[in-house]
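[1] Show me the folded form of this:
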Amino acid sequence: MYPLVHQQPATADGRPGGLAPRGWTRLLGALLGCLLAAACGSPTGRQPTTTSQQASAGPTHRDYWPTAGWRTAAPNQQGMDPQLLGDLDTQVPQRYPQVRSLLVVRHGYLAYEHYWQAMTAANGDNLYSVTKSVVSALVGIALGDGKLKGLDQTVGELLARHLPPDADPRVARVTLEQLLTMTSGLAGDDPSLGGDPRISQRQGASHDWVGHILGRRLATNPGSSFAYSSATSQLLSAVVADATGQSTLAFARARLFGPLGIASAKAPAPVFVAHPSPAVVKAYARAPVAWPTDPQGYQLGFSGLKLPSRELAKLAICTSTAAAGTAVRWSRPTTWPPRSIRTAPQHPALPPRATATSGG
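    As a prediction, this is how the structure comes out:
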């Protein structure tokens, strides 16, 4: 129903992509975790087949930032087992045919890179819910820039002009931190976690998504329980845009993408609709970087951001090193990246397989 968000972008030769369920990504993560743990523990002399030109040597410490591009190194130069990494070429498509790219970065060097389904390093892919983490990072940067005052700011302060007159009075008291941790009281909308998919459908049919979300009655009191809610991430995108006085994409371009060397000047930002025109779908599919908007022009906060795999890897490395002041100046003090990626305490109401984390 919503091809810009729920369907994989077309491949480089124009073939449409398939759907991307959550389950196989969790399994893939577990598989790769085991493989990479083994790869780091028992190096061998076999050289893998990779798609990248290999560097002559790889240090065990970071000596550059990949703003202008990633440097590559042979796995054994980074203390990894090249045989296990080489086996991924065939294991991944056999077990997880949905996977289109896989990159392994160690000590800041690209030790493995492979693409399937006619995808290349130049192609972008829909990040789906990783978009939530990017929006969370932008909230942290806005805090550091003084555009936001603190995590205790409320929806009543930040989104006052969007609040419907008959809104649930508790909505105005929801804090920024509760939005980030998905404890706002909004009902869950992810069916794989027990949420109601009709919530997202009604939101998509609205001409004012932010107003529609703020007009919903809370299912629980703010801060009392966790519910996986893409709607809360959409509110965060609106918060970033309203607080900075520019679109979420423009703020990301100036304060995150630009400093990391992620080219987004020509990124299309199509309006998200149930039945987009063929031209819009084609433009989104071909663009390496894109970020659709809701009908009001707010970038989607929950899904839809497209980036090439190498650019996504920059964000991952940035998040893991930002507390040390690498590449991007985050919030003051520099506690946002570790705070935003930490696992929140398990809430007794959560199913065992779901965990609340800041920013999705």
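[2] hang on, residue 295 packs against residue 205?
    No: with contact defined as C-beta atoms under 8 Å, residue 295 does not count as touching residue 205 (10.4 Å). Every residue, glycine included, has its C-beta placed from N, CA and C.
[3] Give me the more crowded residue out of these two.
    residue 295 (14 against 10; other C-beta atoms under 10 Å).
[4] All the strands of the stretch 201-350 of the chain, residue numbers only.
    Ranges of strands in the stretch 201-350 of the chain, per DSSP state E, counting those that start in this stretch, are 306-308.
[5] Which residue ranges of it form helices?
    209-214, 230-244, 248-252, 278-286, 309-321, 336-341 (DSSP state H, counting those that start in this stretch).
[6] of all these, which lies closest to residue 66?
    Set against residue 66 and scored by C-beta to C-beta, the helices of the stretch 201-350 of the chain come closest in helix 309-321, at 6.0 Å.
[7] and residue 308, what is it in contact with?
    121-125, 288-289 (C-beta atoms under 8 Å, 6 or more residues apart in numbering).
[8] do that again at 6 Å, thanks
    Applying C-beta atoms under 6 Å, 6 or more residues apart in numbering to residue 308 gives the contacts 124, 288.
[9] likewise residue 207?
    Residue 207 neighbours (C-beta under 6 Å, 6+ apart): residue 295.
[10] what's the distance between it and residue 271?
    11 Å (C-beta to C-beta, to the nearest Å).
[11] what touches both of the two?
    Common neighbours of residue 207 and residue 271 (C-beta under 6 Å, 6+ apart) do not exist.
[12] Which pLDDT value belongs to residue 242?
    Here, the pLDDT recorded for residue 242 equals 98.
[13] cool, and the one 10 residues further on?
    pLDDT for residue 252: 97.
[14] Give me the neighbour count for residue 297.
    Other residues close to residue 297 by other C-beta under 10 Å number 13.
[15] Please name the nearest non-neighbouring residue to it.
    Nearest residue to residue 297, sequence neighbours excluded (C-beta to C-beta, 6 or more residues apart in numbering): residue 247, at 6.7 Å.
[16] Reformat the helices of the stretch 201-350 of the chain as JSON lines; add distance to residue 139 and mean neighbour count.
    Below are the helices of the stretch 201-350 of the chain laid out as JSON lines (distance: least, C-beta to C-beta, whole Å; neighbours: other C-beta atoms under 10 Å):
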{"stretch": "helix 209-214", "distance to residue 139": "16", "mean neighbour count": "22"}
{"stretch": "helix 230-244", "distance to residue 139": "6", "mean neighbour count": "25"}
{"stretch": "helix 248-252", "distance to residue 139": "10", "mean neighbour count": "24"}
{"stretch": "helix 278-286", "distance to residue 139": "25", "mean neighbour count": "16"}
{"stretch": "helix 309-321", "distance to residue 139": "13", "mean neighbour count": "19"}
{"stretch": "helix 336-341", "distance to residue 139": "8", "mean neighbour count": "18"}
